[in-house]
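> any chance you can model this:
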Amino acid sequence: MRINYSPYQIKPLTFKAHSDSALLYDLINPAPKLQLPDVDKFEKITDFAKNNEIVSEPHSDFYKNPNMLASSYFRRGDLLGENPYFKDIINVFSSIFNPQNDVKKSMLIVGIGSSQEPFSYLATIKELIKNKKLTDKLDLQTVDLQAKPTKQNLRNCSHYSGYWSNEPEFAKSSFVTYAQIYDNIVLKKGFRVNDEIFNYLYKTYNNPQKSKWATRIQEEIKNYKNETFDTISINNVLGYITNDDEYYETIRNLPRIVKHEGYIIADDMCEHEFKKLDINLTKICYGIFKKH
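Numbering: from 1, shown residues only. You can find the predicted model right below:
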């Protein structure tokens, strides 16, 4: 039977004449001690991690549009505080999440991408509520055509602007410095969300009452009761609804399920569509609308 070794599997030493000199050199000159970077958290890799989670399939619509897969990796929330648009979102969240207000708020995120928006939103909210817990201040729900990400895939998405990045400009207390190490090599280093934020989102994703995977928003939105959410985020999603009736019905339902004084974070094209459907909302800024 053929045995396949992992490239990182340690094999037993064999003592042969031609290798004695190399072995003697290694004994006399041990490898230099690893200089650990000054970070908050380490993850020491000893072998390829085994993934025991069941991997499900996305909705068939996820593959129909050639741009859909690409769009799942890009959301406007990924550069936290580094562009004017997200600074407007910070202002919106500041009006909703007051640390002195104990009323729990609700949010729906449609189209999670690679979780840039969920992580960016949670990092912002955590910064605003200070010592309060996310579980006490926020009821988050999500809908996406994608399959539920595994824990490792989600962990890989938890880094701010990728690895080796600069420090976030906003919500710095929501991030920790991080390094991943294998043997004497630092594989990855940078900033990632803290454990509270990661665990909150992971548990939300794994709660079937909170997160709907492989699901079309144009069907799921009909199931929400009137005035359910304080905020709805539906960036870069509506353009992929190709059926006109489903498209306009989804837009009509957005103000129905958001609360009075609540916000809809969407594409700027919605301004024209809201007017076309005679939906009275106040435009706060590019792509952000308020219901009165």
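> so residue 191 makes contact with residue 173?
No. Counting by C-beta atoms under 8 Å, residue 191 sits too far from residue 173 to count as a contact (11.6 Å). (Each C-beta comes from the backbone N, C-alpha and C, glycine too.)
> of the two, who's got more company?
Between residue 191 and residue 173, residue 191 has the larger neighbour count (other C-beta atoms under 10 Å), namely 24 against 11.
> this structure: helices as residue ranges?
Using DSSP state H, the helices assigned to the chain run over residues 20-28, 68-71, 84-96, 116-129, 134-137, 151-156, 195-205, 217-220, 244-257, 270-276.
> which one of those helices has the lowest average pLDDT?
When those are compared by mean pLDDT, helix 68-71 comes last with a mean of 47.
> next, the distance between the ends of stretch 256-275.
Stretch 256-275 has its terminal residues 15 Å apart, counting by C-alpha to C-alpha, to the nearest Å.
> try stretch 211-224
13 Å.
> now it: buried residues?
For stretch 211-224, the neighbour count (16 or more other C-beta atoms under 10 Å) marks 211, 212, 213, 214, 215, 216, 217, 218, 220, 221, 224 as buried.
> what sits against the closest residue in space to residue 241 that isn't next to it in sequence?
Excluding its sequence neighbours, the residue lying closest to residue 241 (C-beta to C-beta, 6 or more residues apart in numbering) is residue 247, at 4.4 Å. Residue 247 makes contacts with 218, 238, 241, as judged by C-beta atoms under 8 Å, 6 or more residues apart in numbering.
> again, but for residue 266
Residue 266 is in contact with 232, 233, 234, 235, 238, 254, 287, 288, 289, counting by C-beta under 8 Å, 6+ apart.
> ok, residue 248 next?
273, 277.
> now swap in the one 4 residues further on and tell me
Residue 252 makes contact with 277, 279 under the criterion C-beta under 8 Å, 6+ apart.
> mind doing that once more with 10 Å?
221, 273, 274, 277, 278, 279 (C-beta atoms under 10 Å, 6 or more residues apart in numbering).
> and residue 265, how close does it get to residue 238?
The gap separating residue 265 from residue 238 is 12 Å, by C-beta to C-beta, to the nearest Å.
> correction: residue 175
From residue 175 across to residue 238, the span is 31 Å (C-beta to C-beta).
> ok, the two, which is more surrounded?
More neighbours surround residue 175 than the other of residue 175 and residue 238, with 24 against 21 (other C-beta under 10 Å).
> hang on, the more buried one packs against residue 123?
Yes. Residue 175 is within contact range of residue 123, at 6.8 Å (criterion: C-beta atoms under 10 Å).
> find the residues that touch each one of the two.
Common contact partners of residue 175 and residue 123 (C-beta under 10 Å, 6+ apart): 80, 158, 160, 168, 193, 194, 197.
> can I get the helices of the chain in CSV including distance to residue 109?
Below are the helices of the chain laid out as CSV (distance: least, C-beta to C-beta, whole Å):
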stretch, distance to residue 109
helix 20-28, 53
helix 68-71, 15
helix 84-96, 12
helix 116-129, 6
helix 134-137, 14
helix 151-156, 14
helix 195-205, 10
helix 217-220, 11
helix 244-257, 13
helix 270-276, 16
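> so of those, which one's packed in deepest?
Compared across the helices of the chain, helix 116-129 shows the largest average neighbour count, a mean of 24 (mean count of other C-beta atoms under 10 Å).
> what angle separates that helix from helix 84-96?
Using axes from the mean of the first three to the mean of the last three C-alpha atoms, to 10 degrees, the direction of helix 116-129 lies 50 degrees away from that of helix 84-96.
> packing partners of helix 116-129?
When contacts are defined as 3 or more C-beta pairs under 10 Å, 6 or more residues apart in numbering; DSSP states H and E, helix 116-129 packs onto helix 84-96, strand 105-110, helix 134-137, strand 138-143, strand 175-182, strand 185-193, helix 195-205, strand 229-233.
> quick one: which of the shared contacts of residue 175 and residue 123 is nearest residue 94?
Distance to residue 94 across those (C-beta to C-beta) is lowest for residue 80, with 14.3 Å.
> pLDDT at that closest one, what is it?
We note a pLDDT of 51 for residue 80 in this prediction.
> next one: residue 180
With respect to pLDDT, residue 180 scores 78.
> correct me if wrong: it contacts residue 152.
No. When contacts are counted by C-beta under 10 Å, residue 180 is not listed as touching residue 152 (12.0 Å).
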